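Participant: Sharing a sequence plus its predicted fold:
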Amino acid sequence: MQKPILSLENIYVDFERDGVISHVLDNVSLSVKAGEFISIIGHSGCGKSTLLNVVAGLVPVTMGAALLENKEITGPGPERAVVFQNHSLLPWMTVYENVKLAVNKLYGHTESMKKVHERVMNNLDLVKMTHAKDKRPGEISGGMKQRVGIARALSMEPKVLLLDEPFGALDALTRGHLQDTVMELHDRIKATVLMITHDVDEAVLLADRVVMMSNGPKATIGKIVDVTSPRPRVRRELYDDRSFMSCRQEIVSFLEEHDRVVKFEPVPA
Ligand SMILES: Nc1ncnc2c1ncn2[C@@H]1O[C@H](COP(=O)(O)OP(=O)(O)OP(=O)(O)O)[C@@H](O)[C@H]1O
């Protein structure tokens, strides 16, 4: 059996504020194979970003361990790139310079300027953004900024790409285009991806497996569904695909079952 690239082993995360403890994640375990695309879905506030941030090395676990290639994650690292919903490009730099920053970190000391330039252009080409390379973030649309954010993340050549609601702020059409881009990229570069989304169709369209999280506090993985629809997937054809529709239904039912008002009851420290 293929070894997992990423293992989450019995993870618990508590936050403490003003002497009050919130138990956010409770015994979360998951193994992810190299090249797998995992969508994470669950009601707002259940702890999806917390889980992604544990993998990013931005949130420490209270108990348990997150392992990347058998090595415990203890902080951020270039092998894990994150793309957030609110694109975090440097506004004073052009699209080209934003991506070059990431390429330079990896190759600036060892490769010629020509080779670095080729890498930047190649990554911009992957997300179809070469035409806007000289524009600044303030001069391009939200969808374009997300494309550049993805190009920058890819420039880090990460082993795992972490997408935190990357299309959340976009209109439906732009969202659809970017989903296609991410599917294409995943297919081409065989990246391992963890993506948070609130959109059931998006979760199923992109994923090999959809991880459903129960409501917090003490959220955990409630259910995992395998998406067996063949790739490449074409959105408009999926509604005729019985396995796609049954995955979709399973997730909708899970979310409906868990659709109740969530009250966080902090426990005094
Ligand atoms: N650094 C922190 N300190 C204290 N509490 C936190 C911290 N980060 C997250 N939380 C709390 O943990 C819970 C889970 O938050 P998280 O952002 O992980 O949920 P989510 O499922 O990603 O939510 P959404 O779907 O709305 O983005 C929330 O109650 C949040 O207030």
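Facilitator: That came through, no problem. Residues are numbered from 1 along each chain as shown.

Participant: mind listing what's buried in stretch 152-172?
Facilitator: Within stretch 152-172, the residues scored as buried using 16 or more other CB atoms under 10 Å are 152-168, 170. Using the backbone N, CA and C atoms, a C-beta is placed for each residue, glycine as well.

Participant: One more: stretch 98-112?
Facilitator: Asn98, Val99, Lys100, Leu101, Ala102, Val103, Asn104, Tyr107.

Participant: what mean pLDDT would you report for it?
Facilitator: Mean pLDDT, computed over stretch 98-112, is 91.

Participant: tell me how far it is from the chain's mean position?
Facilitator: Relative to its chain's centre, stretch 98-112 lies at 23 Å (CA atoms, centre = their mean, to the nearest Å).

Participant: which outside residues touch it?
Facilitator: Stretch 98-112 has contacts (CB atoms under 8 Å, 6 or more residues apart in numbering) with 78, 89-90, 93, 115-116, 119-120, 123-124, 137, 148, 151-153, 155-157.

Participant: One more pass at 6 Å, please.
Facilitator: Leu89, Leu90, Val116, Arg119, Val120, Asn123, Val148, Ala151, Arg152, Ser155, Met156 (CB atoms under 6 Å, 6 or more residues apart in numbering).

Participant: Save the residues you listed as CSV, and put in secondary structure, distance to the ligand and pLDDT too.
Facilitator: Below are the contacts of stretch 98-112 laid out as CSV (DSSP: H, G, I helix; E, B strand; the rest coil; distance: CB to the nearest ligand atom, whole Å; pLDDT from 0 to 100):
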residue, secondary structure, distance to the ligand, pLDDT
Leu89, coil, 21, 91
Leu90, coil, 24, 94
Val116, helix, 36, 94
Arg119, helix, 33, 93
Val120, helix, 32, 95
Asn123, helix, 28, 92
Val148, helix, 22, 93
Ala151, helix, 24, 91
Arg152, helix, 22, 92
Ser155, helix, 26, 88
Met156, coil, 23, 86
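
Participant: Now which of the residues you listed would you call buried?
Facilitator: Leu89, Val116, Arg119, Val120, Asn123, Val148, Ala151, Arg152, Ser155, Met156.

Participant: wait, isn't the fifth one in contact with Met156?
Facilitator: By that I understand Asn123. No: if you go by CB atoms under 6 Å, Asn123 and Met156 don't touch, sitting 9.9 Å apart.

Participant: ranges for the strands of this structure?
Facilitator: With DSSP state E as the criterion, the chain has strands at 4-17, 20-33, 37-41, 63-68, 71-72, 80-83, 160-164, 192-196, 209-213, 221-226, 267-268.

Participant: Reformat these as a markdown table; add distance to Ala132.
Facilitator: Shown next, in a markdown table, are the strands of the chain (distance: least, CB to CB, whole Å):
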| stretch | distance to Ala132 |
| --- | --- |
| strand 4-17 | 33 |
| strand 20-33 | 33 |
| strand 37-41 | 27 |
| strand 63-68 | 33 |
| strand 71-72 | 38 |
| strand 80-83 | 18 |
| strand 160-164 | 21 |
| strand 192-196 | 24 |
| strand 209-213 | 33 |
| strand 221-226 | 38 |
| strand 267-268 | 50 |
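
Participant: Okay then, goodbye and thanks.
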